[in-house]
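1. Attaching a predicted model along with its sequence, questions to come.
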Amino acid sequence: FNFRDAIVALMELAEDVLGCSSTIVALPRALNTSLSLDTDAAASLVRAFMYSGFELVSPMLYCPSSAYILVGYD
């Protein structure tokens, strides 16, 4: 499985099995890597989701912690 295949599987599960019309994913602003926070890795993860068709979602819609970035897919 690569990242793209995993995202497609997630979307198929959400739409076909769970009946979701949209999906929101909360991504950490910084990833824990070897006892440090890596914001570059988190930014790469956000870009990977956006490359897969996700868009940034306003945090005002769901009021999450400021530690997360929201991406969504309709």
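-> That came through fine. Residues are numbered from 1 along each chain as shown.

2. which intervals of the chain have sub-threshold pLDDT?
-> Applying pLDDT under 70 to the chain picks out residues 1, 32-38, 64.

3. So in this structure, which helix runs the longest?
-> Ranked by number of residues, the top helix in the chain under DSSP state H is helix 39-51.

4. and that one, which residues are buried?
-> Across helix 39-51, burial judged by 16 or more other C-beta atoms under 10 Å covers A42, L45, V46, F49. C-beta: built from backbone N, CA, C; applies to glycine.

5. burial count for the residue nearest to the second one when sequence neighbours are not counted?
-> What it means is L45. Excluding the flanking residues, the one nearest L45 by C-beta to C-beta, 6 or more residues apart in numbering is L27, at 5.7 Å. Neighbourhood size, L27 [other C-beta atoms under 10 Å]: 17.

6. Next: the one 3 residues further on.
-> Other residues lying near A30 total 14 when counted by other C-beta under 10 Å.

7. Check the contact between it and A42; I expect there is one.
-> Yes: using C-beta atoms under 8 Å, A30 is in contact with A42, at 5.3 Å.

8. so where does the residue at minimal distance from the centre of the chain fall, helix or strand?
-> In the chain, the centroid-proximal residue (C-alpha atoms, centre = their mean) is V25; its distance is 3.9 Å. Using DSSP states H and E, V25 falls within strand 23-28.

9. okay, the angle between that strand and helix 39-51?
-> Inter-element angle recorded for strand 23-28 and helix 39-51: 170 degrees (by axes from the mean of the first three to the mean of the last three C-alpha atoms, to 10 degrees).

10. So which elements touch strand 23-28?
-> Contacts defined by 3 or more C-beta pairs under 8 Å, 6 or more residues apart in numbering; DSSP states H and E place strand 23-28 against helix 39-51, strand 68-73.
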